[in-house]
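Peer 1: how does the following fold in three dimensions:
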Amino acid sequence: MSYNGSGTFQINSAGQPVVTGTTITSTAFNALTADLATGLSTAITKDGQTATTARIPFALGISSTLTTDATSSTTGSIITAGGISCQKALNVGTTTTLAGALTYGGVTLSNAVTGTGNMVLSSSPTLVAPVLGTPASGNLSNCTGISVTSVSGTLPVANGGTGSTTAANARTALSVPSTTGSGASGSWGISVTGSAASVATSNFSIVESGGYLYIKYGSTNIARIDSSGNFIALGNSTAYGSI
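Peer 2: As a prediction, this is how the structure comes out:
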C-alpha cells in the first residue's frame, strides 16, 4: 500500500530502501515501480482523467479563477450530478441563476415567478399594486377604499348600516314610518310634494286636489283653503277662541 491512510505516500515494497553496494534485483525494482504506479493511480489528475472514489476533504476550501458562462451546465466552476450540501451559510458574490427548483426550509420554490420587484417576507411587507385574487381569509379592518358593492353581509346600525336585509326591516330598525304612513314616532320635518300627496292620521287627512287643500274627516271634506288664503268650513269657525 503506497499511502498510509493519512495522505502520506510511503515506499514500503520489498527490497526498499536499497543499501549501498548491493545489487538491485529485478524483483525489488519491479516492486518499486508497481508501488509508484499504485500511488500515482490513486492521486487526482489535474486534467480531469481521475474520478474520485471517496469524498475529498478540503481543509482550506476551494478557490477557482475560472470565468465561465453562469447559465451553462457544462462549463461552470463546480459541476455536480448530485446535490451540494453546505453546513454553513452559502455566500454568493454575484447574481446567481438557478436552472431548476430550489428547496428552502423544506419548501420547494419553483423557478417560475410572477410579477417584478423585491422579495416578500412574512412580517409587514409593503406590496405595490398586487393582484390578490380571492384570498382564503383575512382581516380588512385597517383597509381603506373598499367598494361597498364588493362587501357581503349585513352592516349593523352602530357601523352606519341598517342591520337588516329588507326595506321593511330597515325601516323598523331605524324607526322610519312605512310607505303607508304607519309606525312614525318622534318629531319629523316632512316635506310632501306631488299633486296627489296627502298627510293622514287614523281619522283626519289633508289632501291637495284641484288647486285646493282639503281637510277631511274620513272620506268627508270638512274644510278647504285656496291659494289666496280663503278658508271655507262646513261648520262654524271661531277666531280667538279657546280649546
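Peer 1: next, the buried residues of stretch 213-222.
Peer 2: For stretch 213-222, the buried set under the neighbour-count rule, 16 or more other CB atoms under 10 Å, comprises 214-216. Quick note: C-beta positions are derived from backbone N, CA and C, even for glycine.
Peer 1: repeat that for stretch 25-39.
Peer 2: For stretch 25-39, the neighbour count (16+ other CB under 10 Å) marks 31-32, 35 as buried.
Peer 1: let me have the buried residues of stretch 213-222 in CSV, extended by pLDDT.
Peer 2: Compiled in CSV, the buried residues of stretch 213-222 are given as follows (pLDDT from 0 to 100):
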residue, pLDDT
Tyr214, 91
Ile215, 91
Lys216, 91
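Peer 1: quick one: Thr38 from Gly5, how far?
Peer 2: From Thr38 across to Gly5, the span is 14 Å (CB to CB, to the nearest Å).
Peer 1: export the helix or strand harbouring Ser41 as CSV, just CAs?
Peer 2: Secondary structure from DSSP states H and E places Ser41 in helix 26-42. Extracted in CSV, the C-alpha atoms of helix 26-42 (Å, rounded to 0.1, in the frame of the first residue of the first chain):
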residue,chain,number,x,y,z
SER,A,26,14.5,-7.0,-10.9
THR,A,27,12.2,-8.2,-8.2
ALA,A,28,13.0,-5.2,-6.0
PHE,A,29,12.9,-2.8,-8.9
ASN,A,30,9.6,-4.1,-10.3
ALA,A,31,8.0,-4.0,-6.8
LEU,A,32,9.1,-0.3,-6.5
THR,A,33,7.7,0.7,-9.9
ALA,A,34,4.4,-1.1,-9.1
ASP,A,35,4.2,0.7,-5.8
LEU,A,36,4.8,4.0,-7.5
ALA,A,37,2.2,3.2,-10.1
THR,A,38,-0.3,2.5,-7.4
GLY,A,39,0.5,5.8,-5.7
LEU,A,40,0.2,7.8,-8.9
SER,A,41,-3.0,6.0,-9.9
THR,A,42,-4.5,6.8,-6.5
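Peer 1: helix or strand right after it?
Peer 2: Stepping forward along the backbone from helix 26-42, the first helix or strand reached (DSSP H and E) is strand 102-104.
Peer 1: pLDDT of that next one, averaged?
Peer 2: Regarding strand 102-104, the rounded mean pLDDT is 76.
Peer 1: roughly how far apart are the closest residue in space to Ser237 that isn't next to it in sequence and Phe204?
Peer 2: Among residues not flanking Ser237 along the chain, Phe231 sits closest, at 7.2 Å (CB to CB, 6 or more residues apart in numbering). Separation of Phe231 from Phe204 (CB to CB): 16 Å.
Peer 1: so who does Thr27 touch?
Peer 2: By CB atoms under 8 Å, 6 or more residues apart in numbering, the contact set of Thr27 is 14-15.
Peer 1: for it, give its distance to Gly15.
Peer 2: Per CB to CB, Thr27 is found 7 Å from Gly15.
Peer 1: try Met119
Peer 2: Distance, Met119 to Gly15, by CB to CB: 68 Å.
Peer 1: tell me which of the two has more neighbours.
Peer 2: The residue with the greater number of neighbours, taking Met119 and Gly15 and applying other CB atoms under 10 Å, is Gly15; the counts read 15 against 5.
Peer 1: list the contacts of the nearest residue to the more buried one once chain neighbours are set aside.
Peer 2: The spatially closest residue to Gly15, leaving aside those adjacent along the chain, is Ala28, at 2.8 Å (CB to CB, 6+ apart). Contacts for Ala28 were tallied using CB under 8 Å, 6+ apart; they are 13-16, 18.
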